[in-house]
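>>> sharing a model that was predicted from the sequence below.
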There are 2 protein chains.
Amino acid sequence: MNTLADGTAEHAHTTAWIASVLRSRIAAGELTPGSKLSEEPLSAALGVSRNTLRQAFSTLAGESIVTRIPNRGVFVASPGVEEVREIYRVRRMIEPAAVLWGDVTPKVLDNLEAIVQQAQQARDSGSVPDMADANQSLHRAVVALTGSTSLQGLMDRVLAEMRLVFHSMSSAPDFHSHYVDRNVTLVKQLRAGKREEAAAGLRAYLDSAEAELLAHLGDEQDRQSELRQRAV
Amino acid sequence: MNTLADGTAEHAHTTAWIASVLRSRIAAGELTPGSKLSEEPLSAALGVSRNTLRQAFSTLAGESIVTRIPNRGVFVASPGVEEVREIYRVRRMIEPAAVLWGDVTPKVLDNLEAIVQQAQQARDSGSVPDMADANQSLHRAVVALTGSTSLQGLMDRVLAEMRLVFHSMSSAPDFHSHYVDRNVTLVKQLRAGKREEAAAGLRAYLDSAEAELLAHLGDEQDRQSELRQRAV
DNA sequence: AATCGAAGATTGTTCAACAATTTTTCCAGA
DNA sequence: TCTGGAAAAATTGTTGAACAATCTTCGATT
């Protein structure tokens, strides 16, 4: 995927294209949370004008992938405790709602089962990234039950922010392996038509996932402040 | 509200300022759905450069207040049948979810009761706009139960789009009066802690509101195509 | 009257410049 | 040596002009 130094590919909505380039670089962890995106160097590196880069920034800021501080520049968003809480506030509403009131068709159920199978395979082969991907796919698919593009978009934003959270953690322990089984039961419950149970279980899942993530984030911050201390 | 021909008020985040000006003009119905926002005249009228107006457009497009057609310009969004369906898909998920799982405090209940009282007053005095406002306030407050700024933001966008729908209708009959009582019972159920009932009732309310709105929208389109026919 | 093609207008993008603000540098004074 | 703070440098916010690409309009031709 050669993204820079191309120069060509003119006039195909440059601004959206630049936005997508930055988006994937951030998602890939190439641009780490908190790092500054200076206009002049970046525009030069990407081969676009400062002006269009700026417009791409607006797009990404709207997706809260990037935070803009007036007169100080834009930075890759680095979600903290409050952001994680907000993420789970959203998920704890829309995911169970999708389970309770979404349009559960046999086709969708097959899809969900395929995803949990992928997750199981990933766990068996010990690939944490694949497991994370499968997990995100599952929850994305759950929200898709709503049939709403807006809710899907909100969920996508939230999941992108989740990836940022993981990127900002130096040590990324295995959050996902012990949730695979829960996902399996979730799909089983859906298949059985037990929506209330599924929704309740999903809420419990989200609660514990949030708690675990927040705990680890606290440790992380402690470690960082420790380092800071040591640096003095 | 003198918005243009001011010239001063320099350097206070012009782009955001312009975006908010356009946003309120559209919300007020000054700029009607479907009307084109040409860059050169508008930038001249607002006293800003075409470039910053353009950036403001990006913001508003992100809020789907405005739709951007490549190489053809930006237009005030004019939501149709599909958009209304999407609006209610969203509302039918997040409002009942907020009722079921939101944080219902006595303070919030008082607030909700104050709002339904306003709605009743508006109905008694026959003020349809006030009733519409109170109705929107109520549903906004319901979503606030989630405590999530993202969901609140999504709801705000949705309600803004609702206003556009109403603005795009030549005849705006009284949608709201026969929903006031339903809102009253909703708050009563919340006060009584009967969340499941409240959520179910709310979903029924949203279903019928959507149906009614879609029916009227269909009539509207029929009328318009009739006019178009007559013009030929 | 319908079709095709050439002006004309509008949007998308870039460049260069300047004002406003932040950050850095550096020096005087304690 | 350390601190305070003013000057200098760097960066962001905004503007205006310019040009390519695309859409629109209008007229010429058949």
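Structure received.
>>> which residue ranges of chain A form helices?
For chain A, the helices defined by DSSP state H cover A:14-27, A:39-46, A:50-62, A:81-101, A:106-125, A:128-144, A:149-167, A:180-191, A:195-231.
>>> show me where pLDDT drops low in chain A?
A:1-12, A:170-173, A:220-232 (pLDDT under 70).
>>> repeat the analysis, applying 90 as the threshold.
A:1-19, A:29, A:44-56, A:58-59, A:61-64, A:70-71, A:126-129, A:167-179, A:217-232 (pLDDT under 90).
>>> just the closest residue of it to DNA strand C, please.
For chain A, the residue closest to DNA strand C is residue A:52, as judged by C-beta to the nearest atom of the strand, at 3.0 Å. In this view, the C-beta of every residue, glycine as well, is placed from N, C-alpha and C.
>>> which residue is the nearest non-sequential neighbour of that residue?
Spatial nearest neighbour of residue A:52, excluding adjacent residues (C-beta to C-beta, 6 or more residues apart in numbering or on different chains): residue A:15 at 5.0 Å.
>>> I figured that neighbour hits residue A:51, correct?
No - if you go by C-beta atoms under 8 Å, residue A:15 and residue A:51 don't touch, sitting 9.3 Å apart.
>>> hang on, the earlier thing: quick one, what contacts the residue of chain A closest to DNA strand C?
By C-beta atoms under 8 Å, 6 or more residues apart in numbering or on different chains, the contact set of residue A:52 is A:14, A:15, A:18, A:43.
>>> with DNA strand D as the reference, measure out to residue A:184.
In this view, residue A:184 and DNA strand D are 47 Å apart by C-beta to the nearest atom of the strand, to the nearest Å.
>>> go ahead and confirm that residue touches residue A:120.
Yes - with contact defined as C-beta under 8 Å, residue A:184 and residue A:120 form a contacting pair (7.5 Å).
>>> circling back: so which of the contacts of residue A:52 is the most crowded?
residue A:18 (24 neighbours; other C-beta atoms under 10 Å in any protein chain shown).
>>> quick check: the gap between the nearest residue to it once chain neighbours are set aside and residue A:20.
Once flanking residues are discounted, residue A:18 sits nearest to residue A:56: 4.1 Å by C-beta to C-beta, 6+ apart. Distance, residue A:56 to residue A:20, using C-beta to C-beta, to the nearest Å: 9 Å.
>>> kindly report the same for residue A:168.
Counting by C-beta to C-beta, the gap from residue A:168 to residue A:20 is 22 Å.
>>> over to residue A:50?
Taking C-beta to C-beta, one finds residue A:50 at 19 Å from residue A:20.
>>> so these two - more neighbours on which side?
Taking other C-beta under 10 Å, residue A:50 and residue A:20 do not tie; residue A:20 has more neighbours (15 against 11).
>>> tell me, how many residues neighbour the closest residue to residue A:83 other than its chain neighbours?
Among residues not flanking residue A:83 along the chain, residue A:161 sits closest, at 6.5 Å (C-beta to C-beta, 6+ apart). Residues lying near residue A:161 (other C-beta under 10 Å) number 21.
>>> ok, now which ones touch residue A:161?
A:64, A:65, A:77, A:79, A:83, A:87.
>>> tell me if stretch A:196-206 is near chain B.
Yes - using C-beta under 8 Å from any C-beta of the partner chain, stretch A:196-206 reaches chain B at residue A:203.
>>> repeat for stretch A:136-147
Yes - judged by C-beta under 8 Å from any C-beta, stretch A:136-147 and chain B are in contact via A:146, A:147.
>>> show me which positions of that stretch end up buried.
A:136, A:137, A:138, A:139, A:140, A:141, A:142, A:143, A:144, A:145, A:146 (16 or more other C-beta atoms under 10 Å in any protein chain shown).
>>> repeat for stretch A:77-87
A:77, A:79, A:83, A:84, A:85, A:86, A:87.
>>> list the contacts for the first one?
Spelled out, it's residue A:77. Residue A:77 neighbours (C-beta under 8 Å, 6+ apart): A:33, A:64, A:65, A:66, A:67, A:83, A:161, A:164.
>>> what's the closest non-adjacent residue to it?
residue A:67 (5.1 Å).
>>> in this structure the one you found contacts residue A:73, no?
No - look at residue A:67 against residue A:73 with C-beta under 8 Å: they stay out of range, at 9.7 Å.
>>> these two: who's more crowded?
residue A:67 (16 against 13).
>>> tell me how far stretch A:196-203 lies from the chain's centre.
Relative to the centre of its chain, stretch A:196-203 is centred 22 Å away, using C-alpha atoms, centre = their mean, to the nearest Å.
>>> next: stretch A:136-147.
13 Å.
>>> follow-up on the earlier one: gap between the residue nearest to residue A:52 and residue B:110?
From residue A:15 to residue B:110 the distance is 47 Å (C-beta to C-beta).
>>> kindly report the same for residue A:180.
Shown here: residue A:180 relative to residue B:110, a distance of 45 Å by C-beta to C-beta.
>>> cool, residue A:53 as well?
49 Å.
>>> quick one, which of those two is more surrounded?
The neighbour count for residue A:53 versus residue B:110, taken as other C-beta under 10 Å, is higher for residue A:53 (24 against 11).
>>> ok, now which ones touch the nearest residue to the more buried one once chain neighbours are set aside?
Nearest non-adjacent residue to residue A:53, counting by C-beta to C-beta, 6+ apart: residue A:43, 4.4 Å away. If a contact means C-beta under 8 Å, 6+ apart, then residue A:43 has A:49, A:50, A:52, A:53 as its contacts.
>>> likewise residue A:63?
Counted by C-beta under 8 Å, 6+ apart, residue A:63 has contacts A:23, A:157, A:160.
>>> ok, now which ones touch the last one?
Taking C-beta under 8 Å, 6+ apart as the criterion, residue A:160 is in contact with A:23, A:27, A:63, A:65.
>>> of those, grab the buried ones for PyMOL.
A single PyMOL command selects the buried members of those (16+ other C-beta under 10 Å):
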select buried, chain A and resi 23+63+65
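>>> tell me which two of the contacts of residue A:161 sit farthest apart.
A:65 and A:87 (13.5 Å; C-beta to C-beta).
>>> which bits of chain A sit near DNA strand D?
By the rule C-beta under 7 Å from any atom of the strand, the part of chain A lying against DNA strand D is A:10-11, A:36, A:38-40, A:50-51, A:54, A:68, A:70-74.
>>> how near is residue A:178 to residue A:201?
In terms of C-beta to C-beta, residue A:178 sits 14 Å off from residue A:201.
>>> between the two, tell me which one has more neighbours.
residue A:201 (17 against 11).
>>> isn't that one up against residue A:183?
No - applying C-beta under 8 Å, one finds residue A:201 not in contact with residue A:183, separated by 10.0 Å.
>>> for residue A:164, give its distance to residue A:45.
Taking C-beta to C-beta, one finds residue A:164 at 21 Å from residue A:45.
>>> wait, I meant residue A:187
44 Å.
>>> repeat that for residue A:152.
32 Å.
>>> do the same with residue A:114
From residue A:114 to residue A:45 the distance is 40 Å (C-beta to C-beta).
>>> residues in chain A within reach of DNA strand C, list them.
A:11-15, A:48-52, A:55, A:70-72.
>>> make it 10 Å
Within chain A, the positions near DNA strand C by C-beta under 10 Å from any atom of the strand are A:7, A:10-18, A:36, A:39, A:43-44, A:46-56, A:69-73.
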